[in-house]
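> Any chance you can model this:
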Amino acid sequence: MPACFHIASNRPPAAALLAVALGPTLGSVSSSVINVALPTISHDFQVAPSAAIWVVNASQLATTAMLLFLASLGDARGARRVYLGGGILFTLTAAGCALAPNLAALVALRALQGLGNAALIVTTPTLARALFPPAQLGRAVAINAMCVAFGTAVGPTLGGLILSVAPWQWIFGLSVPIGVLAVVLGWRALPRVVPHGGPVDGWSAVLSAVGLAALAYAFDGLARREAIGAALAAAAIGALALGLFIGRQRRIAHPLLAMELFADRIFSVAALASAATYFAQGISYVALPFFFQSVLGRTPLVTGLLMSAWPITTLIVAAQMGRLSDRYAAPALCTLGIVVMGGGLAGFALLPTVPPSWAIVVCAGVAGAGFAIFQTPNNRAMIGAAPPEKTGRASGIMSVTRYIGQTSGAVSASLVFALAGTAAAGLGRNAIEVALLCACGTIALAGAASAFRMHHA
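You can find the predicted model right below:
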């Protein structure tokens, strides 16, 4: 029996494509839109902002913790089944969040919503791969990049528009009909990918969840410079749990993490380069708003508009990169993307003291375009290096590199800001410039990885 069936036509059914696209879009919009509502939620529930931020943290921790487990479960029990379960859970918890009577209930529901989000994220590549013929794998992989970029771009603006005419509960309420549509379309149109693999190891699931959640908590604590001792303790627990997890994967018959994927040089280098670029993006997303507001004196509204140039350009370019990554070699496209992204980041350092808005938009747009040029062929290389029956596990690794890279990048920017009065001042540079230089250095690491691929292609 084949690993999965492929749609015979080069044009997969529109309903199936929409179902696959709605999954990651729901998660990315939910992640970006809620930040705008945190001050309002804090005021309505009469809680401190540090408590309200757990509305975001709970979902992120749950998503990160469950990525590897749900990726393995999708391979073992069927990606379509896990996708539909995640969609139902996401939709029900969205309705619950809109009706939450207090902050504790809202945080608990957001944690459950993060579980549903993780199920949608890790099954999308497997289902998309089943919709396209092998020669069009790049177009399948591009769906995820486009949806994430779209959600990141429209989320903050959408949140502001909703809050201008309705209470914050509508931010969650509007997710309900979209979630229902995703589940209905998924039930009717998504392919039934034949599951592979044996039982999912319970201890591996617990160790991976504890390890990833603890590291995510530690990164968040370090980024906000709150409870440093607790953050360091969480980091130690996370490192220990992940060490035990990796050791267990080498001993059991049905590992949660397909360690053999890392034996493939293409997969390993692609994973390293992906983490590096997401790390650079994480630094930039934290540093640039401070640059625009604290250094250039722009308003928060103008800052949001300037920042939107990055994800909007990523969305536009990613829409073309699926087709191009099916025609041209991944190492060349990835190297080009890194050069372009690095050029955009370096452009910020070359801006005049009082730069015009168009110059800022150009730099952000160039960085976003380079990010898209890199990510789609790089993700295609990771998914393509895995056999079809392990697409879910490859997707889980791909998602973990994204979350860990972005979060550790944000932490690094925070640490640079914390040292602004010492090392940064000694170098005669603004802390924000130092943070952007760190992003450029990380991009150089990703470039070296891509150059390695070109040399060994």
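
> make it CA atoms for all contacts and neighbour counts henceforth
Will do.

> the domain parsing of the chain - what is it?
As assigned by automatic domain parsing, the chain contains the domains 9-200, 258-457.

> so where's this structure uncertain?
Scanning the chain with the threshold set as pLDDT under 70 gives 1-12, 50, 197-198, 223-226, 300, 418-430, 452-457.

> how about whichever helix or strand Gly405 is part of: buried residues?
Taking DSSP states H and E as the criterion, Gly405 maps to helix 391-418. Buried positions in helix 391-418, judged by neighbour count with 16 or more other CA atoms under 10 Å: 391-417.

> neighbouring contacts of the helix or strand where Val180 lies?
Assigned by DSSP H and E, Val180 belongs to helix 175-189. The contact list for helix 175-189 (CA atoms under 8 Å, 6 or more residues apart in numbering) reads 13, 15-16, 18-20, 22-23, 26, 80, 84, 87-88, 90-92, 94-95.

> Tell me, how many residues neighbour Gln169?
19 (other CA atoms under 10 Å).

> I meant Arg265, not that one.
For Arg265, using other CA under 10 Å, the count is 13.

> And for Ala359?
With other CA under 10 Å as criterion, Ala359 counts 14.

> wait, what's in contact with it?
Applying CA under 8 Å, 6+ apart to Ala359 gives the contacts Leu351.

> again, but for the one 3 residues further on
If you count contacts by CA under 8 Å, 6+ apart, Val362 has them with Gly344.

> mind checking the SS state of it?
Assigned by DSSP: H, G, I helix; E, B strand; the rest coil, the conformation of Val362 is helix.

> which is the next helix or strand following whichever strand or helix holds Gly74?
Element membership for Gly74, per DSSP H and E: helix 54-77. Going down the chain from helix 54-77, the next helix or strand is helix 79-98, by DSSP H and E.

> the inter-axis angle of that following helix versus helix 54-77?
Orientation check (axes from the mean of the first three to the mean of the last three CA atoms, to 10 degrees): helix 79-98 against helix 54-77 gives 160 degrees.

> Only the buried residues of whichever helix or strand comes after helix 79-98, if you could.
Later in the chain than helix 79-98, the nearest helix or strand by DSSP H and E is helix 103-131. Going by neighbour count (16+ other CA under 10 Å), the buried part of helix 103-131 is 103, 106-131.

> what do you get for stretch 192-210?
For stretch 192-210, a neighbour-count test (16+ other CA under 10 Å) marks 193-197, 200-201, 204-205, 207-210 as buried.

> Pull the distance from that stretch to the chain's centre.
Chain-centre distance of stretch 192-210: 21 Å, with CA atoms, centre = their mean, to the nearest Å.

> Ends of that stretch, what's the gap?
Chord length of stretch 192-210, first to last residue, is 31 Å (CA to CA, to the nearest Å).

> No further queries at this time; thank you.
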